[in-house]
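# Okay, predicted coordinates and the sequence, questions at the end:
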Amino acid sequence: MILVCDVGNTNIVLGVYDKNKLLKSWRIATDRDKTSDEYGVLIRQLFEHSTMDINNIESVVISSVVPTIMYSLQAMSKKYFNTEPIVVGPGIKTGINIKYDNPKEVGADRIVNAIAAYEKYGGPLIIVDFGTATTFCAISENGDYIGGAISPGIRISSEALFNRAAKLPKVELIKPKNIINKNTVSSMQSGIIYGYVGLVDYIVSQMKSEMNQEMKEVVATGGLSSLIASESKTITKVDKMLTLDGLRIIYENNK
């Protein structure tokens, strides 16, 4: 079995695979101040709660967009799993050609998503990842990473509205029935959710126009992917485990 860790700015998503099968997944908060022991104890507790034996883990694979947390996670892997982790970055076999001006600038999660999406769905395709930032990635017919777009995430946009407008409250991110609403909370929810649907559909439509090919899929992933996909006219598939699957594939390519 392997443990895969997708480290984002807000959450760390963990998964345990036995060959190609995802046995368990957890989501914990990203805490830049946690030590290797604190992460080790927390993950051990998750295993115990799921009646899984931590000693069955043969390897650990990590992708991260938070460099400051890596020392703790790498040390945790060595101490609690007795293994040097595979860290997505330079020197790792990804199998994709990154056609970015500077390939090192592409976030590890975007590369991992591209690997998984191309293997599962083929190309060309577009990936929309709803995280702290929302990323749009274009993958060619041959599996090349062409590039994409980055916009503020839904939660960031919502919090900015709450923090900068004195009379506007913090609202739950749910979809109201109507676009036109008669109270402040529903009006904010309408603007945030439906406004974001418009943002996603416009960017995806323009990406498809620039790629000028029939897409195999437009895949959404990330915590709020189902919420936006339910209203989007361009998203064709929701795959919440896409990044974890990509980390499993990277393990297979690098073991």
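Good, I have the coordinates.

# Can you tell me the SS state at Gly148?
When classified by DSSP: H, G, I helix; E, B strand; the rest coil, Gly148 comes out as strand.

# Next, the contact list for it, please.
110, 135-138, 207 (Cβ atoms under 8 Å, 6 or more residues apart in numbering). C-beta: built from backbone N, CA, C; applies to glycine.

# and if you look at Arg110?
Here Arg110 is in contact with 127, 129, 135, 137, 145, 148 (Cβ under 8 Å, 6+ apart).

# of these, closest to Leu247?
Using Cβ to Cβ, Asp129 is the member of the contacts of Arg110 that lies nearest Leu247, at 14.0 Å.

# Helix, strand, or coil at the closest one?
strand.

# burial count for it?
Other residues near Asp129 come to 26 when the count uses other Cβ atoms under 10 Å.

# What's the separation between it and Ile249?
Using Cβ to Cβ, to the nearest Å, Asp129 is found at 16 Å from Ile249.

# circling back: most widely separated two among the contacts of Arg110?
Between any two of those (Cβ to Cβ), the greatest distance is 13.4 Å, for Asp129 and Tyr145.

# And stretch 220-240, what's buried?
220-225, 227-229, 232, 234-239 (16 or more other Cβ atoms under 10 Å).

# Sorry, slip of the keys, the one I care about is stretch 13-24.
13-17, 24.

# how about the helices in the protein?
36-49, 70-81, 108-121, 154-164, 184-211, 225-229, 242-254 (DSSP state H).

# Name the stretch among those that sits most buried.
helix 108-121 (a mean of 24; mean count of other Cβ atoms under 10 Å).

# residue closest to the middle of this protein?
Centroid check for the chain by Cα atoms, centre = their mean gives Gly222 as the closest residue, at 4.9 Å.

# give me the beta-bridge partners of that residue?
Phe130 (DSSP bridges).

# Cool, thanks, signing off.
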